[in-house]
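[1] just the structure for this:
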Amino acid sequence: MRDPLVLVSNRGPVGFRRNRDGALDTVRGAGGLVAALGPLVDRHDVAWVASAMGDVERDIAAQGTRDERSEAGSDFRLRLVTHDPDVYADFYTVLANPVLWFVQHGLWDLKQDPGADLTRPWEAYVAVNRTLAAAAVEELDRRPGAPLFVQDYHLYRAPAQIRQARPEARIAHFVHIPWVGPDAWSVLPRPLVNAVHEGLLACDSVGFHTERWRAAFVECCEALLGRGAEAEQRTHANPIAVDAEGFAALGASVGVDERREALREHRPEVLILRVDRTDPSKNAVRGFEAFGLLLERDPSLHGRVELLALLDPSRQQIPEYAAYRRATEEAAETVNARFARPGWNPIRLDVRDDFLASLAAYHEFDVLLVNPVMDGLNLVAKEAPLLNERDGVLVLSRQAGAYEEIGEWTIGVDPLDVPGQAEALARALVLPAPERRRRLERIRASARSHDLDAWAERELAELEERAPAPAR
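    Below you'll find the predicted structure:
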């Protein structure tokens, strides 16, 4: 018998679509959250509560909870929850991403971002949280005493709503994005900001990727609510790990080999790589500008070096994200227009969802540029070195959570410093081979020593320490 567990997230671990024949196809959910929670699904009797995305999933939600199976073959129960489409649009495209995500990634523009009335979007955020919380409570009632594990910035209010309905519930939450200090939060209405922090304080245990993000949350709770001591007791830092063995196996798959062959056909002498989403926090525009400055400073690189940018289109229904994609494409075009010559374009930009192509490029890079404005962790920085076969050098933003773990073996950059990033790229290109190899091996050793199973079980152990399970 596996111990029961209730998971709650905005997106589910699988998606659904109709094929040409009208049959239902299951698609594995994208992103690091699904991979991170996989060990819990395999080890526990899981009920997973998530929002229905689109008409197909709304039809499935109307049929009730359904049985699904993880990639490792473990059964779990999936409960999809429907929301009013207009309410969900305000929740997701107005509040959760352009507001919470932007504030928590240092992207709020005090000169341009309007002081919009957030009353309706915040009410929508609370309503979506309430609907998911109600479904979680029902699943909890079917599993008395089970722990409940809530995920990320979409669901800051759900813990308080669950606590109100079931005071005895044992609730954990993991925040997958950065946490900023009280000054950064001050751009938003105080009641909203207080409600965010109060929602998380309704949990018994709250996890963050880094001590820096955890400490910022504690500082906010003290400054805003006078509850810093309580926040200190309820929080911990536990960076998500990588499934090193599983990732290596995936990197050796047939589909990856095919894409490697295609990549090698047009491989430059030196390959600089970036793999991101078209998200303003990923800072691709400044990365392209830094590469252009590198070419301006060192003409000997012309025709020899290429920046391959594999960007997954992200949240294009949100105007700010669509605009940033256009800015990214324009920045690449500007560099190419200035420096390209017959047979050589300095930047090769590929905007599409092709995970296998990213894995193929991980094998081949000489330099990997990861320069986010701010990032909760950044799994690319930990995953790509596991596959690399060219002693590639990692140029890493000091504002990425992963820098706290592996920064000493990278070339650190400040994400707003374009000349500094150009200098870091130049340094990476001339780093002696033994030093390149040493740094890569240290990053690999760090990634392999932090087990994904251990991360997942530690989250439940932190909850158990603060809220022990009732005696059976």
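[2] isn't residue 184 up against residue 100?
    No - at 11.6 Å, residue 184 does not count as touching residue 100 under the criterion of Cβ atoms under 8 Å. Using the backbone N, CA and C atoms, a C-beta is placed for each residue, glycine as well.
[3] shaky segments in the stretch 201-350 of the chain?
    Low-confidence segments of the stretch 201-350 of the chain (pLDDT under 70): none present.
[4] please enumerate the helices of it.
    211-220, 228-234, 244-251, 254-265, 284-297, 319-339 (DSSP state H, counting those that start in this stretch).
[5] of all these, which one is nearest residue 83?
    helix 319-339 (20.8 Å; Cβ to Cβ).
[6] now do the closest one against helix 284-297, angle only.
    Inter-element angle recorded for helix 319-339 and helix 284-297: 10 degrees (by axes from the mean of the first three to the mean of the last three Cα atoms, to 10 degrees).
[7] give the buried residues for helix 319-339.
    320-321, 324-325, 328-329, 331-332, 335-336, 339 (16 or more other Cβ atoms under 10 Å).
[8] next: stretch 238-257.
    Using 16+ other Cβ under 10 Å as the test for burial, stretch 238-257 gives 238-244, 247, 250-251, 256.
[9] ok, now stretch 261-274?
    Those buried within stretch 261-274 under the rule 16+ other Cβ under 10 Å are 263, 268, 270-274.
[10] and what of stretch 397-409?
    Going by 16+ other Cβ under 10 Å, stretch 397-409 has these buried residues: 397, 399-407, 409.
[11] tell me the one among these nearest to residue 221.
    Lowest distance from residue 221 to the buried residues of stretch 397-409 (Cβ to Cβ) belongs to residue 401, with 19.8 Å.
[12] ok, now which ones touch the closest one?
    Residue 401 sits next to 178, 209-210, 212-213, 239, 375-378 when contact means Cβ atoms under 8 Å, 6 or more residues apart in numbering.
[13] please tell me the pLDDT value assigned to it.
    In this prediction, residue 401 carries a pLDDT score of 98.
[14] can you tell me which of the buried residues of stretch 397-409 are in strands?
    residue 397 (DSSP state E).
[15] okay if I get the buried residues of stretch 397-409 as JSON lines plus distance to residue 441?
    Compiled in JSON lines, the buried residues of stretch 397-409 are given as follows (distance: Cβ to Cβ, whole Å):
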{"residue": "397", "distance to residue 441": "22"}
{"residue": "399", "distance to residue 441": "25"}
{"residue": "400", "distance to residue 441": "20"}
{"residue": "401", "distance to residue 441": "22"}
{"residue": "402", "distance to residue 441": "17"}
{"residue": "403", "distance to residue 441": "18"}
{"residue": "404", "distance to residue 441": "19"}
{"residue": "405", "distance to residue 441": "15"}
{"residue": "406", "distance to residue 441": "12"}
{"residue": "407", "distance to residue 441": "16"}
{"residue": "409", "distance to residue 441": "9"}
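[16] can you tell me which of the buried residues of stretch 261-274 is nearest residue 280?
    Closest to residue 280, out of all of these and judged by Cβ to Cβ, is residue 274, at 14.6 Å.
[17] surely that closest one is in contact with residue 310?
    Yes - using Cβ under 8 Å, residue 274 is in contact with residue 310, at 7.4 Å.
[18] residue 135: how many residues sit nearby?
    Neighbour count of residue 135, defined by other Cβ atoms under 10 Å: 22.
[19] so for the strand or helix carrying it, what gets flagged as buried?
    Here residue 135, judged by DSSP states H and E, is contained in helix 119-142. Within helix 119-142, the residues scored as buried using 16+ other Cβ under 10 Å are 121-122, 124-129, 131-133, 135-137, 139-140.
[20] check the offset of it from the chain's centre.
    Here the centre of helix 119-142 is set off from its chain's centre by 22 Å, with Cα atoms, centre = their mean, to the nearest Å.
[21] what of stretch 244-263?
    So, by Cα atoms, centre = their mean, the centroid of stretch 244-263 is 22 Å from its chain's centroid.
[22] equivalent analysis for stretch 189-196, please.
    Relative to its parent chain, stretch 189-196 has a centroid offset of 24 Å by Cα atoms, centre = their mean.
[23] before we move on, what about stretch 63-82?
    23 Å.
[24] now swap in stretch 363-376 and tell me
    On Cα atoms, centre = their mean, the centre of stretch 363-376 falls 14 Å from that of its chain.
[25] and what of stretch 32-50?
    On Cα atoms, centre = their mean, the centre of stretch 32-50 falls 16 Å from that of its chain.
[26] can you dump the C-alpha atoms of that stretch in CSV for me?
    The C-alpha coordinates for stretch 32-50 follow below in CSV (Å, rounded to 0.1, in the frame of the first residue of the first chain):
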residue,chain,number,x,y,z
GLY,A,32,10.2,21.0,-14.7
LEU,A,33,7.3,20.8,-12.2
VAL,A,34,6.0,17.6,-13.7
ALA,A,35,9.4,16.0,-13.7
ALA,A,36,10.1,17.1,-10.2
LEU,A,37,6.9,15.6,-8.8
GLY,A,38,7.3,12.3,-10.7
PRO,A,39,8.9,10.5,-7.8
LEU,A,40,6.0,11.4,-5.5
VAL,A,41,3.6,10.0,-8.0
ASP,A,42,5.6,6.8,-8.3
ARG,A,43,5.9,6.3,-4.5
HIS,A,44,2.5,7.5,-3.2
ASP,A,45,-1.2,7.0,-3.9
VAL,A,46,-1.7,10.3,-5.6
ALA,A,47,-4.8,12.4,-6.4
TRP,A,48,-3.7,15.3,-8.6
VAL,A,49,-6.0,18.3,-8.8
ALA,A,50,-5.5,20.7,-11.7
